[in-house]
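>>> Make a model of this:
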Amino acid sequence: AAPIELAFTAISAEHLQLVLEVDPEAEITEGLEENNKSTLSLPFGPTLDLQVTTADIAIEGGSQSIVGQDTRFLVSLHNRGTTDSPAAQLRVEVTQGATHQTLAENVVQIPAGQTAQRSFTWRPSTSGNARLQVTIDPMNLLVETREDNNIAQLDFAVVEATEPDLVIIADSVAFTPELP
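Model (predicted):
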């Protein structure tokens, strides 16, 4: 599987279909000939396509979360379109067993062809499997060239801490003598 690069000039201002075909004359004998053709839709004019994939979600510093410690998620959000995005709702949720928690529900705007980085923090209270779900435009309010790439999930494990964890709690700090 080697990447290819195509350059071409559209000669009409309209929606185009790009057809890619390997071995169109069936000169190479294969076990399956039906998978040698793919059609891509190339829209004309300004487009908007907000995207997040599982590959765009990561846990900072590793692939697991530790009970009682903050877990920081790093998320890349893309606008694959040709026009800047209007304000779009971004929802980030964690599910662990029967527990469901919304970490963020805010607005994101992404310039055309750009990527926005966001981070979110969660502190698990129990061990077990968990899932982070990131959704751009969850109510489908924006018209996009693709609507099937606005949601991604990352499955991860929450484990018990194996080392002691000393923590300073801000409310428990006192000064003697007390400050004026």
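>>> ok, the residue nearest the centre of the chain - contacts?
Geometric centre of the chain, nearest residue: Val52, 3.1 Å, by CA atoms, centre = their mean. Going by CB atoms under 8 Å, 6 or more residues apart in numbering, Val52 touches 75-78, 134-136, 149-152. C-beta: built from backbone N, CA, C; applies to glycine.
>>> Likewise for Leu50?
Leu50 is in contact with 77-81, 85, 88, 110, 136-137, 142, 144, 149-150, counting by CB under 8 Å, 6+ apart.
>>> make it 6 Å
Going by CB atoms under 6 Å, 6 or more residues apart in numbering, Leu50 touches 79, 88, 136-137, 150.
>>> quick one: which of those residues sit in helices?
Among the contacts of Leu50, no member falls in helices (DSSP state H).
>>> So which of those is the closest to Glu14?
Nearest to Glu14, judged by CB to CB, of the contacts of Leu50 is Asn79 at 23.1 Å.
>>> was I right about the closest one contacting Ala88?
No. If you go by CB atoms under 6 Å, Asn79 and Ala88 don't touch, sitting 9.1 Å apart.
>>> And those two? Which one has more around it.
Neighbour count, other CB atoms under 10 Å: between Asn79 and Ala88, Asn79 has more, with 25 against 21.
>>> Excluding chain neighbours, what is closest to that one?
Spatial nearest neighbour of Asn79, chain neighbours left out: Ile110 (3.9 Å); criterion: CB to CB, 6 or more residues apart in numbering.
>>> looking at this, the one you found is in a strand?
No. Secondary structure of Ile110 (DSSP: H, G, I helix; E, B strand; the rest coil): coil, not part of a strand.
>>> ok, it to Pro138 distance?
Using CB to CB, to the nearest Å, we find Ile110 at a distance of 16 Å from Pro138.
>>> Next, the contact list for Thr39, please.
17, 19 are the contacts of Thr39 under CB under 6 Å, 6+ apart.
>>> Tell me the strands beside the host helix or strand of it, with direction?
Using DSSP states H and E, Thr39 falls within strand 37-42. Partners of strand 37-42 in the sheet, by DSSP bridges, are strand 16-21 (antiparallel).
>>> For the strand it pairs with, give me every contacting residue.
Under CB under 6 Å, 6+ apart, the answer for strand 16-21 is 10, 37-40, 42.
>>> Only alpha carbons, please: show the helix or strand of the chain with the lowest mean pLDDT as PDB.
When the helices and strands of the chain are scored by mean pLDDT, DSSP states H and E, strand 37-42 comes last with a mean of 82. Taking C-alpha atoms only, strand 37-42 is exported to PDB below (Å, rounded to 0.1, in the frame of the first residue of the first chain):
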ATOM      1  CA  LYS A  37     -12.200   0.600  -8.000                       C
ATOM      2  CA  SER A  38     -13.000   3.500  -5.800                       C
ATOM      3  CA  THR A  39     -15.000   6.700  -6.400                       C
ATOM      4  CA  LEU A  40     -14.400   9.900  -4.500                       C
ATOM      5  CA  SER A  41     -16.800  12.800  -4.500                       C
ATOM      6  CA  LEU A  42     -15.100  16.200  -5.000                       C
END
